[in-house]
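Colleague: fold the following and give me the result.
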Amino acid sequence: MGRLLAFTYGVIAYVLFFLTFLYAIGFVGDIFVPKTINSGADKTAEWQMAVVINIILLSIFALQHSIMARPGFKRWWTKIIPWSIERSTYVLLSSLALILIYYFWQPLLGVVWHVDNRIGASILTALFWLGWAIVLFSTFMINHFELFGLQQVYQNLKKKEITSSEFKTPMLYKFVRHPIMLGFVIAFWATPHMTTGHLLFAAVTTAYIIVALQFEEHDLIQIFGDRYREYRKKVPMLFPFMK
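Modeller: Have a look, this model is predicted:
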């Protein structure tokens, strides 16, 4: 029964993640969903408070996402919860942090740039969708189901040893060490209509990505040692074809 409950918990966490991921596309792209980065009453008149609130929302996600990913935290955390649901819990709390952003985001609608040219707008829109496609497909290039906790709860259900993926560099990982983060950066910045609020979101999240990757790289060196050091020498961190 405990294994079945853990599996059910993992599936629920994954479904919530996937729904929040799909909502993120609409939220950032200002399309489809009821609350987007630009919807609601413009808070430009009280922009100081709006900026503070938005930065707090992004910081909650950043702190949760980074602290819970550290090996030291995981060692402590898995003394409280079973190892089989550690990743699912991480995914669940990340999704809840994203929902906070969606719900409480303060729109700042001042126009930073607006591209009227049809070709230019189409190129930026295409880049937006390309960014999200890179994010999703990059997770499958390594191990999508381990990354989001399903593999762990399934192995636990089947009474198998919970295993981690070995070090590998398939497809896009041969050109950039973190293609998932590259996809996010592209998706966040590629828009024909950039508002002040969208710019704040893109700038803060990009800064967080750059800082967070330093911690992740440190952890990867601790895990994979010289294999990852050699990989770092050959492949750029975030942007292809750059040292």
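
Colleague: hey, where'd the helices end up in this structure?
Modeller: Secondary structure of the chain (DSSP state H): helices at 2-29, 47-67, 71-77, 86-104, 118-141, 144-147, 150-157, 179-189, 196-224, 226-234.

Colleague: now render those as CSV, adding mean neighbour count and mean pLDDT.
Modeller: In this view, the C-beta of every residue, glycine as well, is placed from N, C-alpha and C. Formatted as CSV, these follow (neighbours: other CB atoms under 10 Å; pLDDT from 0 to 100):
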stretch, mean neighbour count, mean pLDDT
helix 2-29, 17, 96
helix 47-67, 15, 96
helix 71-77, 12, 91
helix 86-104, 18, 96
helix 118-141, 15, 96
helix 144-147, 16, 89
helix 150-157, 21, 91
helix 179-189, 21, 97
helix 196-224, 16, 94
helix 226-234, 12, 90
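
Colleague: wait, which of these is closest to residue 242?
Modeller: In terms of CB to CB, the element of these nearest to residue 242 is helix 179-189, at 11.2 Å.

Colleague: I figured residue 29 hits residue 128, correct?
Modeller: Yes - contact criterion CB atoms under 8 Å: residue 29 and residue 128 qualify, at 6.0 Å.

Colleague: so what's residue 17 up against?
Modeller: Counting by CB atoms under 8 Å, 6 or more residues apart in numbering, residue 17 makes contact with 91, 92, 94, 95, 148.

Colleague: for the third one, give me its contacts.
Modeller: What it means is residue 94. By CB under 8 Å, 6+ apart, residue 94 lies in contact with 17, 61, 64, 65.

Colleague: again, 10 Å this time
Modeller: Contact analysis of residue 94 by CB atoms under 10 Å, 6 or more residues apart in numbering lists 13, 16, 17, 20, 61, 64, 65, 68, 69, 148.

Colleague: which two in those are spaced the farthest apart?
Modeller: Largest separation among the contacts of residue 94 by CB to CB: 16 and 69, giving 18.3 Å.

Colleague: follow-up on the earlier one: out of the contacts of residue 17, who's nearest residue 79?
Modeller: Of the contacts of residue 17, the one sitting nearest to residue 79 (CB to CB) turns out to be residue 92, at 18.8 Å.
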